[in-house]
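**Q** how would this look folded up:
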Amino acid sequence: MDLTVSIVSGGRSDEWLVFDYTTTSGGPLSQPGDYWSVNEVGEQAIHPVSLIAAYLQFSVNGVVQTPTYSIFGGSSVATNPVPGFSGTGFGNGGYSAPLSNPLPALGTYITPWDYLNDTGISSASVNSYEEALEFAPTQAVPESSTWAMMLIGFVGAGSLAYQKGRKNRLASPFA
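**A** Numbers count the residues shown, from 1 in each chain. Below you'll find the predicted structure:
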């Protein structure tokens, strides 16, 4: 198995992490009836990130195989969204939650492998798999308890300033 990993700018502050797996023998990625999975192990992110979208596609000898429908929950048949890449596969853009650090293991599984045949893609021929994950930096947003403490602090400081100003006005001979 050969693995090529690419980082592609999404054009904003987001980036696509693209994993391209290809068998070295030209044979299929898995055998009928077998459990098939690809897992990218979580790594430590330099900055907090959110997973924005995921896309995957299967190929036979470099030709992307277009599915007729999605077998992956929450995904649909979609055009490759990675800038500069082509093909039609399975896409999901319904993510936006910040990820823990280190990042969780991400990946795909099909069990049994020949379940891929139900999408119109021949599992016996597929010898390449591409997974693309879109990440964006997570902005540090205070939690609600932090906002509450800040609000109490501002109200308290404002109240003290008001009380001090009121005392000064009452004690002033010019009031």
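
**Q** buried stuff in stretch 23-32?
**A** For stretch 23-32, the buried set under the neighbour-count rule, 16 or more other CB atoms under 10 Å, comprises 28, 29, 30. For glycine as for every other residue, the C-beta is placed from the backbone atoms N, C-alpha and C.

**Q** Helices along the chain, start to end?
**A** Assigned by DSSP state H, the helices in the chain fall at 144-171.

**Q** Any regions of it where pLDDT drops low?
**A** 42-44, 139-175 (pLDDT under 70).

**Q** what's the domain layout of it?
**A** 2-137, 142-175 (automatic domain parsing).

**Q** burial count for residue 125?
**A** 15 (other CB atoms under 10 Å).

**Q** just residue 22 next, same as before
**A** 18.

**Q** coming back round to it: out of the buried residues of stretch 23-32, which is nearest to residue 15?
**A** residue 29 (26.0 Å; CB to CB).

**Q** So that closest one sits against residue 2, correct?
**A** No. Look at residue 29 against residue 2 with CB atoms under 8 Å: they stay out of range, at 11.9 Å.

**Q** For these two, list the residues in contact with both.
**A** 21, 23 (CB atoms under 8 Å, 6 or more residues apart in numbering).

**Q** can you pull the contacts of residue 19?
**A** Per CB under 8 Å, 6+ apart, neighbours of residue 19: 3, 4, 5, 38, 40, 130, 131, 132.

**Q** if I look at it, how far off is residue 122?
**A** 22 Å (CB to CB, to the nearest Å).

**Q** Kindly report the same for residue 69.
**A** Counting by CB to CB, the gap from residue 69 to residue 122 is 15 Å.

**Q** more neighbours, the two?
**A** Per other CB under 10 Å, whichever of residue 69 and residue 122 has more neighbours is residue 122, with 14 against 11.

**Q** if I read this right, the more buried one contacts residue 58, doesn't it?
**A** No. Counting by CB under 8 Å, residue 122 does not reach residue 58; the two are 9.4 Å apart.

**Q** Show me whatever sits in contact with both of these two.
**A** With CB under 8 Å, 6+ apart as the test, residue 122 and residue 58 both reach 65, 116.

**Q** hey, which of the domains of the chain is tucked in deepest?
**A** Of all those, domain 2-137 has the most neighbours on average by mean count of other CB atoms under 10 Å, namely a mean of 15.

**Q** Do me a favour and get the end-to-end distance for that one?
**A** Counting by CA to CA, to the nearest Å, you get 29 Å between the two ends of domain 2-137.

**Q** again, but for stretch 54-65
**A** 17 Å.

**Q** Show me what that stretch is in contact with.
**A** Counting by CB under 8 Å, 6+ apart, 26, 29, 67, 72, 75, 78, 80-82, 86-92, 95, 106, 108, 116, 120-122, 125-134 sit against stretch 54-65.
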